[in-house]
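> Prediction below, plus the sequence it came from.
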Amino acid sequence: KNEVEQSPQNLTAQEGEFITINCSYSVGISALHWLQQHPGGGIVSLFMLSSGKKKHGRLIATINIQEKHSSLHITASHPRDSAVYICAVTGSSQGGKLIFGQGTELSVKP
Amino acid sequence: DTAVSQTPKYLVTQMGNDKSIKCEQNLGHDTMYWYKQDSKKFLKIMFSYNNKELIINETVPNRFSPKSPDKAHLNLHINSLELGDSAVYFCASSQGGLAGGETQYFGPGTRLLVL
């Protein structure tokens, strides 16, 4: 079993829908990261959080340290949100390396 | 100005060859990383350097040898390429990073195909 598990692995939504992607982890962490991988392959960091909640535009990320769980929400989804969303953690004693989930492939239909 | 750049972007080569991938960051970061993304799109750490010193070597075959001539560059040399080395290799950097909790900035990736 991976140290970082995401669900769902694939998600199809209609434009305008509210989307939630979940991430659970089994190791002690110093931070949790949400990344976006575009269809062209580039990877962009969306959020890094160690507690609470962060918001950027239509994206919201939350983390519950006690439950070892994080969610990424997209409000008013748009076809341009179609991408792979990757949850990753930096372990509390692992030199900053990222441990990745398997990714969630999101497709938003117009 | 590209923050983290990699060359080449595509690399097609024969089994048994030796090849290098270069990475440069102009962010002034202290820590650089190499990640491998396999055919199932799963990402995994290979190496991490902090100020030119190797910090993480994640049980990668010794055919892979990273080199950091200065803290802005981290190159990856691969000897005796095998079919299983076909993957996308991403370089990344972060400001500090040893304790975790730093945003990482990724290069565009190098798509390696071994025939």
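Structure received.
> Give the residue spans of chain A that score low on pLDDT.
For chain A, applying pLDDT under 70 flags the ranges A:93-95.
> near chain B, which residues of it?
A:29-31, A:33, A:35, A:37, A:41-45, A:48, A:50, A:84, A:86, A:88, A:90-92, A:94-100, A:102-103 (Cβ under 8 Å from any Cβ of the partner chain). C-betas here are computed from N, CA, C, even on glycine.
> B:Asn57 and B:Tyr33: what is the separation?
12 Å (Cβ to Cβ, to the nearest Å).
> Restricted to helices, list the residues of chain A next to chain B.
Of these, none are assigned to helices by DSSP state H.
> Could I have the buried ones of these as ChimeraX selection syntax?
Only the buried entries of the residues of chain A next to chain B go into this ChimeraX selection, using 16 or more other Cβ atoms under 10 Å in any protein chain shown:
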select /A:29,30,31,33,35,37,43,45,48,84,86,88,90,91,94,95,96,97,98,99,100,102,103
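> Select from the residues of chain A next to chain B every entry located in strands.
Applying DSSP state E to those, the entries found in strands are A:29-31, A:33, A:35, A:37, A:43-45, A:48, A:84, A:86, A:88, A:90-91, A:98-100.
> which one of B:Asn57 and B:Tyr33 has more residues nearby?
Per other Cβ atoms under 10 Å in any protein chain shown, whichever of B:Asn57 and B:Tyr33 has more neighbours is B:Tyr33, with 28 against 14.
> contacting residues for that one?
A:96-98, B:45-49, B:56, B:74, B:91-94, B:104 (Cβ atoms under 8 Å, 6 or more residues apart in numbering or on different chains).
> which one of those residues sits closest to B:Asp85?
Nearest to B:Asp85, judged by Cβ to Cβ, of these is B:Met46 at 11.3 Å.
> The closest one: helix or strand, and which one exactly?
For B:Met46, the element it lies in under DSSP states H and E is strand B:43-50.
> which residues are contacting that strand?
Residues from elsewhere that reach strand B:43-50, judged by Cβ under 8 Å, 6+ apart: A:86, A:88, A:95-100, B:30-38, B:54-58, B:60, B:64, B:66, B:68, B:71, B:74, B:76, B:89-90, B:97-98.
> Kindly report the same for stretch B:81-90.
A:41, A:43, B:6, B:13-19, B:21, B:34-39, B:43, B:46, B:63, B:76, B:78, B:106-107, B:109-114.
> do stretch B:60-79 as well
Contact with stretch B:60-79 is made by B:18-26, B:28-30, B:32-34, B:46-47, B:49, B:51-54, B:80-82, B:85, B:89, B:91, B:112, as judged by Cβ under 8 Å, 6+ apart.
> What about the residues you listed, which are in helices?
Reading helices off the contacts of stretch B:60-79, I find no matches (DSSP H).
> Of those residues, select the buried ones using a PyMOL command.
To isolate the buried members of the contacts of stretch B:60-79 in PyMOL, using 16+ other Cβ under 10 Å:
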select buried, chain B and resi 19+21+22+23+24+25+29+30+32+33+34+46+47+49+81+85+89+91+112
